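K.L.:
please work out how this folds:
(one chain, ligands or ions: 1)
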Amino acid sequence: MAEIRIRNTNERLPGEEAVREFLNEQGVLYEHWDPEKLPANLRDKFTLSDQEKEQILEIFDPEIQSLAERNGYVQWDVVALSEATPNLNELLKKFEQVHVHTEDEVRAITAGNGIFTIKGKGEIGYFDVELSAGDVISVPVNTPHYFTLMENRRVVAVRLFIDSSGWVAHPYEDPEFQR
Ligand SMILES: [Fe+2]
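P.N.:
Coordinates of the predicted model:
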């Protein structure tokens, strides 16, 4: 279940209903896949072979096809990050820059955790969406955001794309953003 923290006020939204309503108002797609569809050996594994990545895509194929039909995604893959990832700190430094894309950014977390920090509409300012296994989120097109890991520093996620050129990160300078 995703959790929301509004950064300006440090407020956390209470419960699933409030989270869904808030993300809906912000134009952020949010849904849930059943992470228990994964066999036990893949639920806690953060270094994956190509074959294991394929296996994850096969297991969630109905969910992927459903999203793809609704939103026009044509390609997908699996990414895994953990302490075993070479240059993890440098990668995270790069990820943690506020940026925008010319298509939405979809991530389905299948193991571990992650945080999307997203610029909200109007007075809301930036908010954090803390994700755990099963959470599926899509940051809307041209919406300033960045992604990082939580304290456990590990995640496996399915990424879906409309066009491989659409997910290039364009830096977004924002005096309003405070780390
Ligand atoms: Fe992004």
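K.L.:
residue 91: which element?
P.N.:
Assigned by DSSP states H and E, residue 91 falls within helix 88-95.
K.L.:
name the helices or strands packed onto the helix or strand that that helix is followed by?
P.N.:
Once the chain leaves helix 88-95, the next helix or strand it forms, by DSSP H and E, is strand 99-100. On a contact count with 3 or more CB pairs under 8 Å, 6 or more residues apart in numbering; DSSP states H and E, strand 99-100 meets strand 145-148, strand 170-171. C-beta coordinates here come from the backbone N, C-alpha and C atoms, glycine included.
K.L.:
which SS class is the residue nearest the centre of the chain?
P.N.:
In the chain, the residue lying closest to the centroid (CA atoms, centre = their mean) is residue 107, at 4.0 Å. At residue 107, secondary structure determined by DSSP: H, G, I helix; E, B strand; the rest coil is strand.
K.L.:
which stretch among the helices and strands packed on strand 99-100 comes nearest residue 101?
P.N.:
Nearest of the helices and strands packed on strand 99-100 to residue 101, taken as CB to CB: strand 170-171 at 7.0 Å.
K.L.:
quick one on the thing from earlier: quick one: list the elements packing against the helix holding residue 91.
P.N.:
Using 3+ CB pairs under 8 Å, 6+ apart: helix 88-95 touches strand 145-148.
K.L.:
neighbouring strands for the next helix or strand after the strand it packs on, and are they parallel or not?
P.N.:
Downstream of strand 145-148, the first helix or strand assigned by DSSP H and E is strand 155-161. Strand 155-161 has the following sheet partners, assigned by DSSP bridges: strand 75-81 (antiparallel), strand 105-119 (antiparallel).
K.L.:
what's the angle from the first one to helix 88-95?
P.N.:
What that stands for is strand 75-81. Relative orientation of strand 75-81 and helix 88-95, computed by axes from the mean of the first three to the mean of the last three CA atoms, to 10 degrees: 130 degrees.
K.L.:
any residues touching strand 75-81, and which ones?
P.N.:
46-48, 53, 56-57, 64, 68, 88, 91, 110, 149, 153-161, 164 (CB atoms under 8 Å, 6 or more residues apart in numbering).
K.L.:
at 7 Å instead, please
P.N.:
Outside of strand 75-81, the residues within contact range by CB atoms under 7 Å, 6 or more residues apart in numbering are 46-48, 53, 56-57, 64, 88, 149, 154-161, 164.
K.L.:
residue 16: which of the strands paired with strand 155-161 is closest?
P.N.:
The closest of the strands paired with strand 155-161 to residue 16 is strand 105-119. By CB to CB, the value is 15.9 Å.
K.L.:
that'll do, ta.
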